[in-house]
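Colleague: Using only what follows, build the 3D model:
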Amino acid sequence: MFPSREEAEKILKEAEEHNPGAWVRHSEVVAFCAERIARQCPDMDSEKAYVLGLLHDIGRKFGIKHFGHIYDGYRYMLELGYDEVARICASHSFSIQRIEDYVGNIDVTAQQKKVIEDFINQLVYDDYDRLIQLCDSIGAAEGIVPMEERMGDVKRRYGAYPQDKWDKNLQLKDYFSEKIGQDVYLVLQDCEKKE
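Modeller: This is a model prediction of the structure:
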């Protein structure tokens, strides 16, 4: 289950009041990208894609955290009854289903980490998981950026970026480009005009 577009926007607005920051604009850009790409896929719901993109980082409502935002978002969405959003909160950082590939600090308890690890390990990724992973890797607060630039920025900030995760993200771009019959960047070129 996932909320309506209006409810998702309300949830994000309330979260921004608790923890303002660039993550909110990033979430809006990811939602825009996800909706645009999903519109080109006859087997996907663009409204669902928008909502999942908008709320993928909702755990940031609870403060400035690294891995903690994954756990917090997962738990928060489960509490609200939005299991499909909870799934995306957990899966969006793991294009390869390995917790050890997380780039950033593991700022959760061992038990909390295990909750996410167990959940990720049992998932069979679908195109919504893949779409939000793709959009998260090209959507920055300032708009759409080349994937290599965004991953390079993460690598500079944290000192590392697993090569197979880098390669997997590039494969996701190719997968959706093939699925929609054109480069994904072509359907996203007016993102900056979104307001």
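
Colleague: quick one: buried residues of stretch 142-162?
Modeller: For stretch 142-162, the neighbour count (16 or more other Cβ atoms under 10 Å) marks Gly143, Ile144, Val145, Met147, Arg150, Met151, Val154, Tyr161, Pro162 as buried. C-beta: built from backbone N, CA, C; applies to glycine.

Colleague: In JSON lines: these, plus pLDDT.
Modeller: Formatted as JSON lines, those follow (pLDDT from 0 to 100):
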{"residue": "Gly143", "pLDDT": "91"}
{"residue": "Ile144", "pLDDT": "93"}
{"residue": "Val145", "pLDDT": "93"}
{"residue": "Met147", "pLDDT": "92"}
{"residue": "Arg150", "pLDDT": "87"}
{"residue": "Met151", "pLDDT": "89"}
{"residue": "Val154", "pLDDT": "83"}
{"residue": "Tyr161", "pLDDT": "87"}
{"residue": "Pro162", "pLDDT": "88"}
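
Colleague: State the pair within those that is farthest apart.
Modeller: Farthest pair in the buried residues of stretch 142-162 (Cβ to Cβ) is Gly143 and Pro162. Separation: 25.8 Å.

Colleague: hey, where'd the strands end up in this structure?
Modeller: For the chain, the strands defined by DSSP state E cover 139-140, 143-144.

Colleague: circling back to that earlier point, give me the subset of the buried residues of stretch 142-162 that lies in helices.
Modeller: Among the buried residues of stretch 142-162, DSSP state H puts Met147, Arg150, Met151, Val154 in helices.

Colleague: with those in mind, which one is nearest to Leu78?
Modeller: Nearest member of those to Leu78, counting by Cβ to Cβ, is Val154, at 27.2 Å.

Colleague: Enumerate every residue touching the closest one.
Modeller: Neighbouring residues of Val154 by Cβ atoms under 8 Å, 6 or more residues apart in numbering: Val103, Tyr161.
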